[in-house]
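A.B. asks: Have a look at this prediction, sequence included:
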Amino acid sequence: MKKTGIVIAALAALILIAFVAYDGIFNKSVSVDFFAMNTVGTLKITGKDADETAKKIEAQLDLLDSDLLSRYNENSLLFKINSGLETENEELAAYVRTLIDVSRKSGGAFDFTLGAISDLWDFGGNASIPDSAKLLQELSHAGYEKISVTDSRIVSADKNAVIDLGAAGKGIALDKAKEILDAQNVRKAVISVGGSVLCYGEGDFTVGIRNPEGNAGEYIAILRTNACCVSTSGNYERYFEKDGKRYHHILDPKTGYPAESGVVSVTVISENGLLSDALSTACFVLGVEKGGELAKEFGCEAVFVTADKKIYATDGAKAMLTVETEGYILAE
Amino acid sequence: MNIKLLKKSDLAVIAAVVAVALALLIWRYASASEKLEAVVTVNGEIVETLDLSAVKERRAIETKTTPATVIVAENGAIFFESAECEDKLCVACGKLNRKGDTAVCLPSKTVITVGKAEVDAVTY
């Protein structure tokens, strides 16, 4: 064998090994489940810093709940604000400002001050239909109009109004995760926090919309998107049934009872996690027509699944959507 | 490149090296096998991985969590058979036997996933 042959063979091998090594380093992939914010999440991250980024996001989301958003943890800022012990926090004030905007533009269909009413229903624990007098009493204390934000100061005009960020927390978590991803060497990531999904980085993503009648993991339609946040509110998540009627956790702020707008789930696609999360709740309460208008007002897209198995989508969402399950049809 | 510089044996060596490297590449990228793999994790740590297509007889999987759960694999499916948690939503998920099927027990931080989902994520 001549030297030339050996050199060429060695070079070919070197190039392939270098390619594999480069790919192994810069396309390193991590996929982990984690538990935070009283829900389950998944981190799928590709890039040089994949491992480190996953650890940072997990730690950050733990703190987000315990230090800031939890309504029950005595050390969290929200607990202190609801208790009147604190009023100032720049970050929380920014979230509340956005939520006031969503509440106002939805005409009150979204309201982040229903904490006491949610407690009466207790969907996370021993759920039952609350006493109507108690419900009305708590409802009289609720109302987003009672909350105001000046700079970083959050003030409530009714000390019994209980701010609850349950309809926004998962979206806020996605925004936090995005901040961390931006600062790391990461090519692509899909972060799911309790069903709210952040698609981050290069290329296309596929997000399934859960089958309202199926198990977790089953989907009826696929959204093909670029980087974005996708959140869904559905009547199948936390509910109980009594006398053949389903009582679910998405409450109509006007009545204090589960919203009945004919939809069983709403998915909102937005650049912003907080907006996608809050708007999915608002759109659920508003229903197809008004909900679609609200999503558009915020520059977002929405997909509505109705009880009669029709799928309504805003124009932008329609372009991303493929229905996958027989029995469901895309309405014009 | 002047091909006359190379003997047949040289070409054979080059071909062999390239074939081995390509085989390694294919192995690396084709690691997602055709098996129907179920993964059980507790608090994000994998405690059991099994090929459901090969599971015929009943097999119980111990996770030693609090609250305790009983996970069973049999006849190509895996499921939470019982759980000591309050809501038992994990048991209500039923048998998982298709790609993308998932069941979660939040109180015990246990997740069962089957196969690699065909989408990047499912929103719910």
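C.D. replies: Good, I have the coordinates.
A.B. asks: Pull out the buried positions in the longest helix belonging to chain B.
C.D. replies: Under DSSP state H, the helix in chain B containing the largest number of residues is helix B:8-29. Counting neighbours by 16 or more other CB atoms under 10 Å in any protein chain shown, one finds that the buried residues in helix B:8-29 are B:10, B:13, B:14, B:17, B:21. Where you see a C-beta, it was placed from the backbone N, CA and C, and this is true even at glycine.
A.B. asks: Check stretch A:102-117 too.
C.D. replies: Neighbour-count burial for stretch A:102-117, counted by 16+ other CB under 10 Å, picks out A:102-103, A:105-106, A:108-117.
A.B. asks: Taking chain B, what residue is nearest to chain A?
C.D. replies: Chain A sits closest to residue B:10 of chain B, with a gap of 2.7 Å, by CB to the nearest CB.
A.B. asks: Report pLDDT for that residue.
C.D. replies: Note on residue B:10: pLDDT of 77.
A.B. asks: What of residue B:100?
C.D. replies: According to the predicted model, the pLDDT of residue B:100 comes to 81.
A.B. asks: Leaving out the residues flanking it, which one is nearest to it?
C.D. replies: Leaving aside its chain neighbours, residue B:100 sits nearest to residue B:117 (3.9 Å; criterion: CB to CB, 6 or more residues apart in numbering or on different chains).
A.B. asks: now the one you found, what's its secondary structure?
C.D. replies: coil (DSSP: H, G, I helix; E, B strand; the rest coil).
A.B. asks: before we move on, what about residue B:108?
C.D. replies: Applying three-state DSSP to residue B:108 yields a three-state assignment of coil.
A.B. asks: list the contacts for residue B:121?
C.D. replies: Contacts of residue B:121 were listed using CB atoms under 8 Å, 6 or more residues apart in numbering or on different chains, and they are A:42, A:44, A:190, A:192, A:197, A:199, A:205, A:207, A:208, A:230.
A.B. asks: would CSV of those with neighbour count and secondary structure be doable?
C.D. replies: As requested, the contacts of residue B:121 are exported to CSV (neighbours: other CB atoms under 10 Å in any protein chain shown; DSSP: H, G, I helix; E, B strand; the rest coil):
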residue, neighbour count, secondary structure
A:42, 21, strand
A:44, 18, strand
A:190, 21, strand
A:192, 27, strand
A:197, 34, strand
A:199, 25, strand
A:205, 23, strand
A:207, 25, strand
A:208, 24, strand
A:230, 31, strand
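A.B. asks: and chain B, which of those residues contact it?
C.D. replies: Subset of those in contact with chain B: A:42, A:44, A:190, A:192, A:197, A:199, A:205, A:207, A:208, A:230, counting by CB under 8 Å from any CB of the partner chain.
A.B. asks: Check the second one and give its pLDDT.
C.D. replies: This means residue A:44. pLDDT at residue A:44 comes out at 97.
A.B. asks: what does the last one give?
C.D. replies: For residue A:230, the pLDDT comes out at 98.
A.B. asks: and residue A:138, what is it in contact with?
C.D. replies: So residue A:138 contacts A:116, A:117, A:120, A:160, A:256 (CB under 8 Å, 6+ apart).
A.B. asks: The third one contacts residue A:135, correct?
C.D. replies: This points to residue A:120. Yes - contact criterion CB atoms under 8 Å: residue A:120 and residue A:135 qualify, at 6.0 Å.
A.B. asks: Map the structural domains onto the sequence of chain B.
C.D. replies: B:1-31, B:37-114 (automatic domain parsing).
A.B. asks: if we can go back for a sec, quick check: strands, which of the buried residues of stretch A:102-117 are part of them?
C.D. replies: When DSSP state E is applied, those are split such that none fall in strands.
A.B. asks: near chain B, which residues of the stretch 201-332 of chain A show up?
C.D. replies: Counting by CB under 8 Å from any CB, the residues of the stretch 201-332 of chain A near chain B are A:205-210, A:215-219, A:222, A:230-232, A:234, A:236-237, A:265, A:267.
A.B. asks: Determine the number of other residues adjacent to residue B:115.
C.D. replies: By the other CB atoms under 10 Å in any protein chain shown criterion, the neighbourhood of residue B:115 contains 20 residues.
A.B. asks: nope, residue A:8 is what I meant
C.D. replies: By the criterion of other CB under 10 Å, residue A:8 has 19 neighbours.
A.B. asks: How much space separates it from chain B?
C.D. replies: When CB to the nearest CB, to the nearest Å is the yardstick, residue A:8 and chain B sit 6 Å from each other.
A.B. asks: which non-adjacent residue is nearest that residue?
C.D. replies: Skipping the residues right next to it in sequence, residue A:8 comes nearest to residue B:14 by CB to CB, 6+ apart, at 5.8 Å.
A.B. asks: That's all I had, so thanks and see you.
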